Each structure stands twice: as structure tokens, then as C-alpha cells.
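Participant: Dropping a prediction and its sequence here:
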Amino acid sequence: MPLPEKQPDETRDQFIDRCMADATMAEEFPDAAQRRAVCEKQADRPATANAGAPLHLVSEPGALTIEAAADGAGQDGKPRLPRFTMIAYTGGPMRIAGWRYPVVVDLAGLTIPSQARPIRFGHDVTAGVGHSDSIRVQDGRLIAAGVVSRDTAAAKEIVVSAGNGFPWQASIGASVDQFEFVKENQSVLVNGREFSGPVNVVRRATLGEISFVDLGADGNTSASVAASAKEKTLMDGNDKSKQDKTVQDGTGKDAATSAAQATAGKEAGAPAIQASATTATAPDAGLTVDPVADMRVKAAAEQERIAAIRKVCGDKHADLCARAIREGWDANRTELQKLRDERPEPPGDKPQRPAVAGAVLEAACLLTGGVRGDDLLEGYGEQAVEAADKRFKGGIGLQELLLEAAWANGYDGRNFRDARGVLRFAFGHAENLQAAGLSTIDIGGILSNVANKFLLEGFFSVERTWRNICAVRNVSDFKTVTSYRLIGKDQYEIVAPGGELKHGTLGNESYTNKADTYGLLLAIDRRDIINDDLGAITTVPRKLGRGSGLKINDVFWTTFLNNAAFFTAGNKNYLTGADTVLSIDGLTKAEKAFMDQVDSDGKPIGIMPAVMLVPTALSAMATMLYKSLEIRDTTASTKYPVANPHQNKFRAEVSRYLSNSSYAGNSEKAWYLLADPTDLPVIEVAFLNGQESPTIETADADFGTLGVQMRGYHDFGVNLQDPRGGCKSKGEA
């Protein structure tokens with residue numbers, strides 16, 4: 001039976017849950033403890049494209065150029081060789097075989113062992129082309145240059161085909177040392193660019209070689225190559241003179257080289273490339289590959305297989321070891337059979353009920369909480385959802401959930417009478433935990449996963465106007481971070497006769513921010529458990545989520561409204577007087593003040609206003625100014641229609657916090673005209689590791705409390721940024 005395989009962007013716990021819920025695994029290993037042990041062993045195996053795997057990454061749209069060799073000899077008397085330059089990798093995401101999601105290589109973590117790296121064709125160690133003499137990372141790209149120094153058929157083919165206009169591409173070959181997976185709805189900064197998940201980021205890799213390839217993963221890549229007619233003629237002649245000396249093995253490679261590649265397997269400093277030698281007749285030469293080399297390769301492979309089997313079997317499974325060697329098993333099949341042979345008999349005094357996987361219990365909780373639809377199926381799979389619906393008709397109770405986890409972890413009681421004992425086993429804290437100390441159900445993880453679904457409902461239930469007017473920054477720690485905005489004399493000056501360029505000046509303006517942690521602890525107490533109230537694990541997370549949403553609003557608007565030194569007449573972004581009331585005239589005045597703002601050189605900043613931020617009392621007028629074609633003046637003396645020149649100009653954003661008396665700086669009349677936060681933000685929110693929503697964790701309560709504790713926390717920080725990004729109108733005299 002083939003075991004499930006761990007994906008490279010899948011966490012260990014995610015894989016174990018999926019493995020435990022697999023129907024074939026459940027049938028093969030009905031005992032949950034044994035199935036858990038198998039899944040954990042499989043989880044510890046390298047993923048399909050795990051660290052250490054070879055990574056062949058074809059360049060994104062870039063250029064590869066080969067310069068024709070100049071006639072004559074160099075200063076050292078040797079003939080001049082063709083040179084190449086290439087953008088080997090442009091720093092962007094690429095689709096790579098063996099990786100579910102796109103891959104980005106962090107060039108800051110790329111180790112370049114030496115400037116002289118082998119240049120090949122198609123990552124083939126037998127198809128050498130030349131070597132590099134310059135490799136550097138520049139502007140988020142990997143740039144290489146070197147010479148076509150190999151006297152091989154591959155080198156001649158590349159130069160000659162290039163002369164004919166063939167568009168060669170470049171591909172780096174690197175070994176992956178460390179990578180991370182960026183989840184959906186998260187983003188990461190790599191190579192000076194921001195990428196949105198899901199995406200794999202190779203944080204550390206070692207460059208092995210660079211290859212010419214004829215077809216890459218990106219059809220838009222191109223290469224420009226030049227070669228002289230004289231050069232082409234010489235190479236064609238050399239090819240013909242050596243043709244009779246080459247013995248081929250059916251793949252176009254030199255037979256001796258192919259055998260050497262198969263036995264060597266890996267070149268120092270290059271990614272692992274596996275090859276096997278086979279005895280084959282060369283169709284052109286009529287010769288066969290050296291049988292001695294083929295025999296050596298096969299013998300080495302057999303020795304490796306036997307050694308791996310003996311390592312798995314150890315000293316206690318001699319019969320299994322002999323059978324596996326005799327029948328040609330590999331190490332994976334041998335280990336699986338060993339686990340089957342070691343499967344313990346289920347204790348007769350345990351409740352005789354089929355084990356339930358953690359994914360099924362999670363799905364049952366969400367079904368009971370009213371969650372339905374595609375989100376549930378995508379998160380847990382159709383099989384787990386159907387199993388949950390069939391097993392727990394009418395919904396699962398809190399006691400039943402805890403009992404299922406306790407039974408899976410070795411609890412031998414029949415009911416919830418011993419509540420503390422059930423909790424100890426459910427959370428895996430019992431000192432007499434059975435199944436050799438293995439906890440097959442992580443009830444804390446299940447409750448946390450379920451609670452996080454309802455946490456977000458609470459978090460998004462409160463006002464989120466702040467998110468529409470701020471810039472967002474990702475930070476990796478709690479230290480103060482500084483943003484720099486370049487300023488200075490940067491306009492071009494006329495060039496005087498003689499071509500001398502004048503020097504400009506360059507300075508910067510800085511703005512700071514830092515993240516802090518905010519959190520709260522709540523509990524599902526003994527009464528909820530005795531009442532069998534599963535609603536407690538939906539209500540408490542919603543409260544924690546709502547509390548986080550309220551806190552970020554509180555911090556954000558406290559910072560924003562504390563703007564007496566930010567919006568000032570001296571900064572030319574604060575307007576007062578009766579004509580600043582929100583109206584056509586008031587908005588016209590604010591627009592003019594915003595657009596008249598200048599940089600440190602006294603020149604226009606060139607940023608356009610985009611948002612009207614108003615309190616609730618001005619919501620109707622802001623909506624009319626944004627949507628209406630005309631706004632009528634209904635006073636007795638001027639009853640005539642007035643065209644609205646601001647229709648569809650400035651998006652209206654309303655916040656109840658602006659006029660709330662609990663916040664210093666509040667006003668029912670003041671309003672703001674702001675730039676789009678992606679152009680020039682007046683305020684910024686920093687999130688630790690880009691996590692914009694709070695996190696909830698669940699654990700057994702301490703000794704003094706009988707129940708389950710839940711804690712929610714959120715890491716963020718808020719600070720004002722550039723005063724030129726907005727204009728405040730007092731709205732009254």
C-alpha cells in the first residue's frame with residue numbers, strides 16, 4: 001500500500017491530520033495509535049521537494065548573450081574564446097516540478113561557492129559548455145558572465161545554433177538548504193519585491209551550476225546570441241573530425257562519460273543529479289556500452305538497497321530482513337511491513353469504538369457550529385466531512401468531543417463522570433498515557449483550529465474603516481523600524497558644452513513604527529462542560545476576535561486623532577473658518593490646499609487626494625458629494641440647481657470614532673481629505689510577520705480551574721507618517 005506523501009509546503013501537523021483521515025490508512029491500520037505512529041514516521045521523511053533537493057529554476061524574462069570570439073590570439077597567445085553574459089535569474093516566482101506552489105529564491109541567502117562555476121547544457125554533467133568568471137547579485141537579479149571554454153559537442157551546438165538565431169535561455173541549478181511556505185492572504189518581501197502567498201521562499205540555497213536550456217518554464221524568456229561564420233565553419237569541421245572517436249549510448253552521450261556520471265552521481269558543489277547506466281546498442285556506431293561499468297553501477301545500487309533494509313530491520317527482525325532482500329523490497333516497503341508486524345493487539349478493556357481522526361472531529365465541530373459549503377470541504381476534504389456528518393448525526397457535544405480525544409489517547413473510562421481525568425487524557429497530560437506515550441488526538445490543536453474560524457467572524461464584525469485609509473507594513477520583530485523617503489535636488493540641469501553633468505543633492509525623511517503584543521485570556525469553565533455546551537467554543541472565540549478588532553480600532557484612532565502637531569497651519573494641511581464646512585465650496589478649498597502642498601524644494605509633490613474621511617454626522621453629505629450629479633441650494637433666495645464638480649472624485653469613508661467623546665481630538669464637524677495610502681500614507685499599521693488577524697490558542701486550564709482556557713493575541717503597531725498625505729478641515733470657524 002503506498003503511503004501518503006508530505007508536500008513541501010505542508011506542516012508536519014497538517015500532514016499527520018491528513019494522513020490520519022485517509023480512508024486507506026484507516027482500513028490498513030484500524031488502531032489509531034498504530035496509524036498515528038505510521039503517519040508520524042512518514043511525516044519525518046523528506047517532502048517531495050524538501051531541503052537538499054535539486055532546484056532547476058529557469059530565468060524569468062531576461063537576456064542571455066554570447067559574443068563571438070574575436071579573430072586572432074590574446075595577449076597570452078591563446079585563441080580568444082566566445083564570451084557569454086546572462087541574467088540567470090530575475091528574482092521572481094517560477095513554477096517548478098515537485099512544488100505545489102510557485103518558488104522564489106531569496107538571492108540574499110544564495111551561497112556562491114566560487115566565481116568559477118560550471119556552465120552546462122540542460123543541467124547535464126556530461127554536456128559541459130564552459131565556465132563563469134563573474135557571478136553577482138544586482139538589483140534583485142543573478143547575473144553571470146564567462147567563456148565558452150569546453151571543447152564538447154554541446155558547446156559547439158550552442159554557439160552554432162546561437163549564430164543561427166536560436167533563442168537560448170538560462171537556468172540555475174542549486175541545492176535547497178532551507179525554505180519556508182507563505183500562506184494564502186499573507187505576503188513576503190524577497191529580492192526587494194513583495195509576493196503574495198501561497199508561495200514557497202527558498203531562504204538558503206547553494207549555487208551548483210548554470211545551464212543553457214532550449215525551453216524554459218516561462219515561454220516569454222529570450223536570449224540573444226551572436227557567432228561569426230568563420231567560427232561556425234571551424235566548429236563544424238571539429239565535430240566531423242571527432243565523430244569517429246565518439247561512442248554513444250543511445251542518449252547522445254559519450255559512453256564512458258555516461259558510466260562515470262552514473263557511478264559518481266553528484267559533482268562537488270552542484271545539486272544532486274541522479275543517473276543510471278544501461279546496456280544499450282549505439283544505433284550510429286554499432287557498439288555497446290561497457291558492461292563492466294554497467295555491472296558496477298548495478299552492484300553499487302544493490303549494496304545501497306541492502307544496507308538500507310538492514311538499517312530498518314536492526315537486530316530484531318532477521319526474518320523480515322532476509323525476505324526483503326530476497327524479494328527486492330526497498331527500505332520504505334520494509335519499514336511499512338515492520339510496523340504491521342509490530343502492531344499491538346487492542347486492549348480488551350478499552351471502549352470498542354472505531355477511532356476518529358482529528359480532521360473528522362474538527363469538521364464535526366464546524367458542522368455543529370453551522371459552518372457549511374465549499375470552505376468546509378476545501379479545509380477538510382469531502383471524506384472527512386462525510387465521516388463527521390455520518391458519525392455525529394445531530395451534532396457533536398463538548399463532552400463527546402473531549403471523550404473522543406481522551407479515548408484516542410488511552411482513556412479507558414466509559415463516560416464523563418471523571419471530568420478531570422477526561423481532560424487530562426484529552427490534552428495528553430496524563431502520566432499513564434497509553435499507546436507507548438503517543439497522543440493520537442491533539443484536542444488543543446482541534447479546539448484552536450475550530451476557534452480560529454469563529455475568531456475571524458468576531459474580528460471582522462467591528463468597524464474596519466482604518467484598513468481603508470492606512471498603509472500596511474510587515475515587520476519581523478518588535479524593534480522600532482524606520483521608513484525613509486528620499487528627497488533632494490533631483491531635477492535635470494542643462495548640460496554645458498563639454499558634456500559635464502552637474503551634481504544633485506540627496507537626503508531623506510524618516511518615519512518610524514513598531515509592533516507590540518495585545519492579548520486576552522478567557523475560559524470555558526466547568527459549567528459549560530457539564531452543560532455539554534459546544535456553543536462555548538464558538539461564543540468565546542467570537543468574543544476574543546471582537547475584542548481584537550475593538551483594540552486595533554482603539555489604538556489606531558487614538559493615534560490618528562492625536563494629530564494637533566501633525567495637521568497644522570505651518571504644515572499647510574490644516575484649514576479653519578466657516579468656509580471649511582463640508583460642502584462643494586469647502587471640498588474645493590481642501591482640494592486646493594492639498595494640491596498646493598510642496599516638497600522640501602518648494603516643488604509640487606504630485607500626489608492627488610483620493611479619500612474623504614468623515615464622522616457619522618457628515619456621512620450623508622460626503623455620500624452626496626461623491627455620488628450626486630448636482631447638489632441643490634434650498635435657501636429662499638437661491639433655489640437653483642448647482643452642478644457637483646466633485647462627483648466620483650473622492651471616495652467617502654465614515655468612522656464613528658472621529659466624533660466619539662472618549663477620544664481626544666474628536667469632532668462632529670472636522671473632516672479629512674487624504675491621499676491613497678499606497679501613494680502617500682498619513683498613517684501606517686505594522687503587523688508582525690504580516691499577520692493581520694489575531695491568533696487563538698487553547699489549553700487545559702491550570703490546577704485551580706476545571707475547564708479549558710483560550711487566549712487570543714495580536715501583534716501590531718500604529719504611527720502617523722507623512723503630513724503631506726492629507727489635509728484636515730475644521731468644519732467651523
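Facilitator: It's in.

Participant: average pLDDT across stretch 499-519?
Facilitator: Averaging the model's pLDDT scores along stretch 499-519 yields 77.

Participant: what does stretch 724-733 give?
Facilitator: For stretch 724-733, the mean per-residue pLDDT is 94.

Participant: measure that stretch end to end?
Facilitator: End-to-end distance of stretch 724-733: 23 Å, with Cα to Cα, to the nearest Å as the criterion.

Participant: counting contacts, what elements does the top helix by length along the chain pack onto?
Facilitator: The residue-count maximum for a helix in the chain (DSSP state H) belongs to helix 536-561. Packing contacts for helix 536-561, counted by 3 or more Cβ pairs under 8 Å, 6 or more residues apart in numbering; DSSP states H and E, involve helix 443-459, helix 466-469, strand 516-525, strand 683-688, strand 695-700, strand 707-720. Where you see a C-beta, it was placed from the backbone N, CA and C, and this is true even at glycine.

Participant: what packs against the helix or strand following it?
Facilitator: Sequence order places strand 574-575 as the next helix or strand after helix 536-561, per DSSP states H and E. Contacts defined by 3+ Cβ pairs under 8 Å, 6+ apart place strand 574-575 against helix 584-595, strand 726-729.

Participant: what are the pairing partners of the last one, and which direction each?
Facilitator: If I follow you right, that is strand 726-729. strand 574-575 (parallel), strand 671-675 (antiparallel) (DSSP bridges).

Participant: what is the rounded mean pLDDT of the longest one?
Facilitator: Model confidence over strand 671-675 averages 96 on the pLDDT scale.

Participant: Return the set of buried residues in it.
Facilitator: Using 16 or more other Cβ atoms under 10 Å as the burial criterion, the residues of strand 671-675 that qualify are 671-675.

Participant: Likewise for stretch 550-569?
Facilitator: Neighbour-count burial for stretch 550-569 flags 551-553, 555-557, 559-561, 563, 566-567 (criterion: 16+ other Cβ under 10 Å).

Participant: And those residues, which is closest to Ser171?
Facilitator: Of all the buried residues of stretch 550-569, Ser171 sits closest to Ile552, with 45.0 Å by Cβ to Cβ.

Participant: I figured the closest one hits His714, correct?
Facilitator: Yes. Using Cβ atoms under 8 Å, Ile552 is in contact with His714, at 6.9 Å.

Participant: Which neighbours do these two have in common?
Facilitator: By Cβ atoms under 8 Å, 6 or more residues apart in numbering, Ile552 and His714 have these common neighbours: Tyr518.

Participant: Dihedrals phi and psi, Leu403?
Facilitator: phi -70, psi -40 (degrees, to the nearest 10).

Participant: Could you pull up the contacting residues of it?
Facilitator: Going by Cβ under 8 Å, 6+ apart, Leu403 touches 411, 415-416, 422, 426.

Participant: Confirm that Ile135 sits in a strand.
Facilitator: Yes. The assignment for Ile135 is a strand, going by DSSP: H, G, I helix; E, B strand; the rest coil.

Participant: How many residues are close by it?
Facilitator: As a burial measure, Ile135 scores 21 neighbours (other Cβ atoms under 10 Å).

Participant: Show me what counts as buried in the helix or strand hosting Tyr511.
Facilitator: Under the criterion of DSSP H and E, Tyr511 resides in strand 507-513. Neighbour-count burial for strand 507-513, counted by 16+ other Cβ under 10 Å, picks out Asn513.

Participant: Could you list the paired strands of it along with their orientation?
Facilitator: strand 481-487 (antiparallel).

Participant: CA-only coordinates of the strand holding Tyr511 in CSV, if you can.
Facilitator: What follows is strand 507-513, C-alpha atoms only, in CSV (Å, rounded to 0.1, in the frame of the first residue of the first chain):
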residue,chain,number,x,y,z
GLY,A,507,18.8,63.5,1.6
ASN,A,508,15.9,61.7,3.2
GLU,A,509,13.0,62.0,5.6
SER,A,510,12.3,59.2,8.1
TYR,A,511,9.2,57.8,9.8
THR,A,512,9.1,55.2,12.5
ASN,A,513,6.8,52.4,13.7
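
Participant: Let me know the angle separating it from strand 707-720.
Facilitator: 160 degrees (axes from the mean of the first three to the mean of the last three Cα atoms, to 10 degrees).

Participant: so where's the stretch 301-450 of the chain shaky on pLDDT?
Facilitator: The model of the stretch 301-450 of the chain has pLDDT under 70 over residues 343-356, 375, 379, 394, 428-442.

Participant: Not including adjacent chain positions, what is the nearest residue to Trp466?
Facilitator: Phe556 (4.4 Å; Cβ to Cβ, 6 or more residues apart in numbering).

Participant: I'd like the buried residues of strand 671-675 as JSON lines, with distance to Phe166 appended.
Facilitator: As requested, the buried residues of strand 671-675 are arranged in JSON lines below (distance: Cβ to Cβ, whole Å):
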{"residue": "Trp671", "distance to Phe166": "63"}
{"residue": "Tyr672", "distance to Phe166": "59"}
{"residue": "Leu673", "distance to Phe166": "57"}
{"residue": "Leu674", "distance to Phe166": "54"}
{"residue": "Ala675", "distance to Phe166": "49"}
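
Participant: one step back: restricted to strands, list the contacts of Leu403.
Facilitator: Judged by DSSP state E, the contacts of Leu403 include no members of strands.

Participant: Could you rank the residues you listed by neighbour count and give me the top one?
Facilitator: Highest neighbour count within those: Ala426, with 28 neighbours (other Cβ under 10 Å).

Participant: Need the winner for burial among the helices and strands packed on strand 574-575.
Facilitator: strand 726-729 (a mean of 28; mean count of other Cβ atoms under 10 Å).

Participant: C-alpha coordinates for that one, CSV please?
Facilitator: Extracted as CSV, the C-alpha positions of strand 726-729 are listed here (Å, rounded to 0.1, in the frame of the first residue of the first chain):
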residue,chain,number,x,y,z
GLY,A,726,-3.6,64.6,4.0
CYS,A,727,-5.4,67.8,4.8
LYS,A,728,-7.7,68.5,7.7
SER,A,729,-10.7,70.9,7.7
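
Participant: Could you check how far that strand is from the centre of its chain?
Facilitator: A distance of 38 Å separates the centroid of the chain from that of strand 726-729, by Cα atoms, centre = their mean, to the nearest Å.

Participant: how close does Asp418 get to Ala408?
Facilitator: As judged by Cβ to Cβ, to the nearest Å, Asp418 and Ala408 stand 17 Å apart.

Participant: Settle it for me: which of the two has more neighbours?
Facilitator: Ala408 (27 against 13).

Participant: pretty sure the more buried one contacts Ala32?
Facilitator: Yes. Look at Ala408 against Ala32 with Cβ under 8 Å: they come within range, at 5.2 Å.

Participant: what's the nearest residue to Gly197 if we skip its chain neighbours?
Facilitator: Excluding its sequence neighbours, the residue lying closest to Gly197 (Cβ to Cβ, 6+ apart) is Val182, at 3.8 Å.
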